[in-house]
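K.L.:
Fold the following for me, if possible:
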Amino acid sequence: MLVSEHPAATARCSTGLWSLVLAGVLWGTGGPTGSLLAHETGLSPLAVAAYRLAAGGMLVILWLCLTRQPLPRRRHAWARLVVNGLLAAVFQACFFAAVSLTNVSLATLLTIGASPALVLSAEWIAGRRRVSAATLATVALAVSGLALLVGTPAGGITTTNALTGAGLALLSAAGFATITFIGTRPVAGLDDLTATGVSFAIGAAVLAPAATVTSGMGFVPTPASVGLLLLLGTAPTAVAYALYFRGLRTTPASTAALIALLEPLVATLLATLFLGDRLGSTGLVGAGLIATAIVLNTRRTHR
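P.N.:
Here you go, the predicted structure:
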């Protein structure tokens, strides 16, 4: 994307890119925090996802009420809120369903890896962006790095589960890609915080019944569990997605989807530092490839 030489336009683009980078970093804290919450409470992954959206959405809505910010009134704004809420529910539910049928590494590889390719294809079809060889090479570099980072999926997965899980992971990727793609076209009268809070409240309302029926959502509240839930709802959910929606205003959707690969990178590093996981030489190479692809794509966008 060519950025205007006007200083204000350059500053907006730079702010948007840093918002996306910070969102990716904060997302990376969601995996370890969610894992600790599940360990502390015994909640299923689907229940954790429902609580994550509910906590993030309600915290933002509470802030909007305290600061007396009115909710949007236009029909187009509410249409976007409902669409984003449904997409968030689909993205979360399909991902965790894919994890249950396969494993975390395969679900992450297909979901996060397919998103940049899906967004780039949508931009090309819509005529928003020319797809150059350099862009394709950068996406391939990032996906290769992701494959090395998450490692080879463990055996023991049946063919039926593998195919079904792969389909659900790709559907999850399509949900995230759609949120990213439509997010580059802001709706008048809808700010980033409102879009985050109300959309996630809608998504939680969709996920909660499914989680209640399949695994239950009850747990014994303790200082640790409540603290983890608030942390999960704040940093990697409310704050991260508000930053992501803000960054989408000035950054191409495919660039944003590629920067989102910071999530598994940061999550892996945090798990290595604090949860006792080990990151081998192959994983280190994968992390380096992801970082290189993000830097190259960001510099190309900022030019």
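K.L.:
C-alpha from now on. contacts and neighbour counts both.
P.N.:
OK.
K.L.:
For stretch 60-70, give me every contacting residue.
P.N.:
Contact with stretch 60-70 is made by 193-194, 196-198, 238, as judged by C-alpha atoms under 8 Å, 6 or more residues apart in numbering.
K.L.:
ugh, wrong one, stretch 268-284
P.N.:
Applying C-alpha under 8 Å, 6+ apart, the contact partners of stretch 268-284 are 28-29, 32, 148-151.
K.L.:
same thing but 10 Å
P.N.:
Residues from elsewhere that reach stretch 268-284 (C-alpha atoms under 10 Å, 6 or more residues apart in numbering): 28-29, 31-32, 35-36, 145-151, 262, 264-267, 286-290.
K.L.:
Of the residues you listed, which belong to helices?
P.N.:
28, 31-32, 35-36, 145-150, 262, 264-267, 286-290 (DSSP state H).
K.L.:
Narrow those to those that are buried.
P.N.:
Buried residues within the ones in helices among the contacts of stretch 268-284, counting neighbours by 16 or more other C-alpha atoms under 10 Å: 28, 31-32, 35-36, 145-150, 262, 264-267, 286-290.
K.L.:
burial measure for residue 241, as a count.
P.N.:
26 (other C-alpha atoms under 10 Å).
K.L.:
Tell me which residues touch it, please.
P.N.:
19-20, 23-24, 26-27, 56, 192-193, 195-197, 200, 234-235, 247.
K.L.:
Just among the residues you listed, which is most surrounded?
P.N.:
Busiest of these [other C-alpha under 10 Å] is residue 200, holding 33 neighbours.
K.L.:
my read: it touches residue 52, true?
P.N.:
Yes. Between residue 200 and residue 52 there is a contact under C-alpha atoms under 10 Å: 8.8 Å.
K.L.:
Can I get the contacts of stretch 60-70 in JSON lines including secondary structure and pLDDT?
P.N.:
Below are these laid out as JSON lines (DSSP: H, G, I helix; E, B strand; the rest coil; pLDDT from 0 to 100):
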{"residue": "193", "secondary structure": "helix", "pLDDT": "89"}
{"residue": "194", "secondary structure": "helix", "pLDDT": "91"}
{"residue": "196", "secondary structure": "helix", "pLDDT": "91"}
{"residue": "197", "secondary structure": "helix", "pLDDT": "93"}
{"residue": "198", "secondary structure": "helix", "pLDDT": "94"}
{"residue": "238", "secondary structure": "helix", "pLDDT": "92"}
